[in-house]
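Here is my input, please return the structure:
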Amino acid sequence: MNLTVKDIAKKPVQTPKPDFEDLYIAVRQQEKRVYTDEQLQLLPDIDHLYYDEWKIRKRSSGRLTAYLEKKRKHLKILEVGCGNGWLSAKLSNIPNTRVTGLDINEIEIEQAKRVFKKDNLEFIYDSFTDSTFDNEKFDVIVFAASLQYFPSVINVLKQALAILRYGGEVHIVDTPFYTPVEAEKANARSCGYYAALGFPEMAAHYFHHSTSEFWGFKYELLFNPSNPFNRLFKKDPFYWVMIRK
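Below is the predicted model:
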């Protein structure tokens, strides 16, 4: 049967689903996590709605920076999912480093380029795939509050190790990990949170990983939040995972 113009008009319009980049920046704007250039220059020292979170990130970034400084050698560092670039900028203050920040969020990458101008620091707007860095090798690769946006820890770590120099390290910080039971509950919370925020599609891009996914890799927990001392005195909720090649 041939459709008439009237029939076509009655058909519901299929609105394209927003991609991850559009969803991510829309959610960050709704959450008030998009900062002005002046605020960005102050991070992680900022009196803000997320002050408590930034205190945690200040401590974790301080631990990571101190650890890398002790190596006392030239380091080529890649931060995957650098967002607005504040951590990449901090890492670039380590002597004898060359830092690259990579993110799929063009708005924040452009802001990072505008705010942080240093000879040993660059920002790239791109996704992290097998071909992103075809002819480059890094000494250190950092995932800070970004691993939860990758569906497979195993796959993304294999990608990272492929561009890591022998003896190099992957560092994962500011990232939640769960037991299988906890992950199921956390996923339900995320679905409810993003739905209430007005962006239910975002839940499909946020993943709840377990430390068991590091099995098979040469990994070490440099900070364990469940350690009795850390639970009592540090009270930071995130693991610091280091993986060697």
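
counting residues per strand, which one in this protein is longest?
Scanning the chain for the longest strand, with DSSP state E as the assignment, gives strand 164-175.

Strand partners (parallel or antiparallel) of that strand?
Its sheet considered, strand 164-175 pairs with strand 138-144 (parallel), strand 239-244 (antiparallel) by DSSP bridges.

Determine which of those strands approaches Gly85 most closely.
Counting by C-beta to C-beta, Gly85 lies closest to strand 138-144 out of the strands paired with strand 164-175; the figure is 11.1 Å. Quick note: C-beta positions are derived from backbone N, CA and C, even for glycine.

how about the CA coordinates for the helix or strand hosting Glu182, as CSV?
Per DSSP states H and E: Glu182 is located in helix 180-197. C-alpha atoms of helix 180-197 as CSV (Å, rounded to 0.1, in the frame of the first residue of the first chain):
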residue,chain,number,x,y,z
PRO,A,180,29.3,-7.8,41.5
VAL,A,181,26.5,-7.3,44.0
GLU,A,182,27.5,-3.7,44.6
ALA,A,183,27.8,-3.1,40.9
GLU,A,184,24.2,-4.1,40.3
LYS,A,185,22.9,-1.8,43.0
ALA,A,186,25.2,1.0,41.8
ASN,A,187,23.9,0.6,38.2
ALA,A,188,20.3,1.0,39.4
ARG,A,189,21.3,4.2,41.3
SER,A,190,23.0,5.6,38.2
CYS,A,191,19.9,4.9,36.1
GLY,A,192,17.7,6.7,38.6
TYR,A,193,20.2,9.6,38.9
TYR,A,194,20.5,10.2,35.2
ALA,A,195,16.7,9.8,34.7
ALA,A,196,16.1,12.4,37.4
LEU,A,197,18.6,14.7,35.8
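
Would you reformat the strands paired with strand 164-175 as TSV and include mean neighbour count and mean pLDDT?
Below are the strands paired with strand 164-175 laid out as TSV (neighbours: other C-beta atoms under 10 Å; pLDDT from 0 to 100):
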stretch	mean neighbour count	mean pLDDT
strand 138-144	24	98
strand 239-244	19	97
